[in-house]
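Student: Build me a model from this:
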Amino acid sequence: MQDKIALITDGTGGIGLETARGIDDTGATIVIVGRNEARGRNAVEDIKSSTGNSNIEFMAADLSSQTAVLLLVDEFEERYGRLDVLVNNVGGLYGSRRETGDGIEAMFAINHVNPYLLIRRLLPLLQNSAPARIVNVTTGAHRFVKLDLDNLQAEREFDTPIAVYARSKLVNLMASYYLARALDGTGVTVNIADPGVASTDMNANMTADFFPQAMRLLFPLWKVIGNFTSVEKAAQSSIYLATSPDVEGITGKYFNPAQKRVKSSRESYNETYQRWIVEITDNLVIQAALKLQSEKFSDKHSLPIH
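Tutor: Residues are numbered from 1 along each chain as shown. So this is what the prediction gives:
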């Protein structure tokens, strides 16, 4: 990946930081995105000192905000002018229902809507830089939930945080498959990385209340003997999809923590649901673009609906 540019969201810690470190070994310029300036600076110095590569940069953006995503894209385009790899690693898990400043349920926004918006806005850059790769990070927990189009934002029922989180990732997975088909032949691939269950800050903050009632008594045992992997190992599926020549031209596939191509849940392949999800999400992101009332976020960034 010499002379190439990779953008990694939530790259200042955990799996994102290790993904950046792994991609950095290829000699690419790495741009990590995070909300906290101090943490971003520390991450940059960490990667530089451990790899010897000085081509590491940080861009600050609160990825819970659609306006911040749009401004991030504008700044990135002006600063770099090309993009070879986009890793959508950002994720959020919260113990109760809350909304972002855009009025969208937070997990639905952070795990799906805003990463989708980032892809939409960066598409011209990715296509002009082709061959280029998009890697969306998901969770194996999507297999244990079902899509509920009447409750996408947990507005009707917020059953458990884990279930709401998993559904938001299922929705993003469906949109990823749709995007892969829509972009087929453009030189831009879209694949999905499952990192497994890792020892991250997000998992450390979970309590028994995050799980269904039947599982709560087992939660202390799970915390002690759960099959957690290190963040270094958890990042390997993302690194593989971002850098390996073995997946050149491969698109619309799901890769497990061992970097093996596997099937996701049966429901995730429902193309009718995928199309509905994309149409619903498009309506949400169009509202944000209109809010800015700026020509720099024009229809040149749009993705046709098939």
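Student: Grab the nearest non-local neighbour of residue 65.
Tutor: In space, and not counting its chain neighbours, residue 65 is closest to residue 101: 5.7 Å by CB to CB, 6 or more residues apart in numbering. C-beta: built from backbone N, CA, C; applies to glycine.
Student: Got the phi and psi for that neighbour?
Tutor: With angles defined as degrees, to the nearest 10, residue 101 sits at phi -60, psi -20.
Student: how about the strands of the stretch 1-150 of the chain, start to end?
Tutor: Counting by DSSP state E, counting those that start in this stretch, the segments of the stretch 1-150 of the chain that form strands are 5-9, 29-34, 56-60, 85-88, 132-137.
Student: okay, those in a markdown table with mean neighbour count and distance to residue 152 next?
Tutor: Shown next, in a markdown table, are these (neighbours: other CB atoms under 10 Å; distance: least, CB to CB, whole Å):
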| stretch | mean neighbour count | distance to residue 152 |
| --- | --- | --- |
| strand 5-9 | 26 | 22 |
| strand 29-34 | 26 | 25 |
| strand 56-60 | 18 | 29 |
| strand 85-88 | 28 | 19 |
| strand 132-137 | 27 | 18 |
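Student: In TSV, list these along with mean pLDDT and distance to residue 191.
Tutor: Output for those, formatted as TSV (pLDDT from 0 to 100; distance: least, CB to CB, whole Å):
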stretch	mean pLDDT	distance to residue 191
strand 5-9	97	14
strand 29-34	96	19
strand 56-60	96	24
strand 85-88	98	11
strand 132-137	98	6
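Student: Can you say which of the ones you listed is nearest to residue 253?
Tutor: Nearest to residue 253, of all these, is strand 132-137, at 11.0 Å by CB to CB.
Student: which is the next helix or strand following that closest one?
Tutor: Per DSSP states H and E, the first helix or strand lying C-terminal to strand 132-137 is helix 161-182.
Student: Report all helices and strands that whatever helix or strand comes next after that next one contacts.
Tutor: Sequence-wise, the next helix or strand downstream of helix 161-182 (DSSP H and E) is strand 188-193. The contact analysis (3 or more CB pairs under 8 Å, 6 or more residues apart in numbering; DSSP states H and E) places strand 188-193 against helix 114-128, strand 132-137, helix 161-182, helix 236-243, strand 254-255.
Student: quick one: buried residues of stretch 258-276?
Tutor: Of the residues in stretch 258-276, 259, 264, 265, 268, 273, 274, 276 count as buried by neighbour count, 16 or more other CB atoms under 10 Å.
Student: Next, format the residues you listed as TSV and append distance to residue 86, pLDDT and secondary structure.
Tutor: Shown next, in TSV, are the buried residues of stretch 258-276 (distance: CB to CB, whole Å; pLDDT from 0 to 100; DSSP: H, G, I helix; E, B strand; the rest coil):
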residue	distance to residue 86	pLDDT	secondary structure
259	19	96	coil
264	20	98	coil
265	24	97	coil
268	21	98	helix
273	24	97	helix
274	20	98	helix
276	24	97	helix
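Student: Count residues in the vicinity of the residue nearest to residue 65, would you?
Tutor: As a burial measure, residue 101 scores 12 neighbours (other CB atoms under 10 Å).
Student: Quick check: the gap between it and residue 267.
Tutor: Remark: distance between residue 101 and residue 267 (CB to CB, to the nearest Å) = 31 Å.
Student: so who does residue 246 touch?
Tutor: residue 240 (CB atoms under 8 Å, 6 or more residues apart in numbering).
Student: Distance of it relative to residue 146?
Tutor: For residue 246, the distance to residue 146 - CB to CB - is 33 Å.
Student: Nearest spatial neighbour of residue 156, chain-adjacent residues omitted?
Tutor: Nearest to residue 156 is residue 150, by CB to CB, 6+ apart, at 6.3 Å.
Student: Hmm, residue 276 and the one you found touching each other?
Tutor: No: assessed by CB atoms under 8 Å, residue 150 is found out of contact with residue 276, at 11.7 Å.
Student: By mean pLDDT, flag the weakest helix or strand of this protein.
Tutor: None of the helices or strands of the chain scores lower by mean pLDDT, DSSP states H and E than helix 219-225, at a mean of 49.
Student: quick one on the thing from earlier: could you export the strands of the stretch 1-150 of the chain as JSON lines, including distance to residue 235?
Tutor: Shown next, in JSON lines, are the strands of the stretch 1-150 of the chain (distance: least, CB to CB, whole Å):
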{"stretch": "strand 5-9", "distance to residue 235": "10"}
{"stretch": "strand 29-34", "distance to residue 235": "13"}
{"stretch": "strand 56-60", "distance to residue 235": "16"}
{"stretch": "strand 85-88", "distance to residue 235": "10"}
{"stretch": "strand 132-137", "distance to residue 235": "9"}
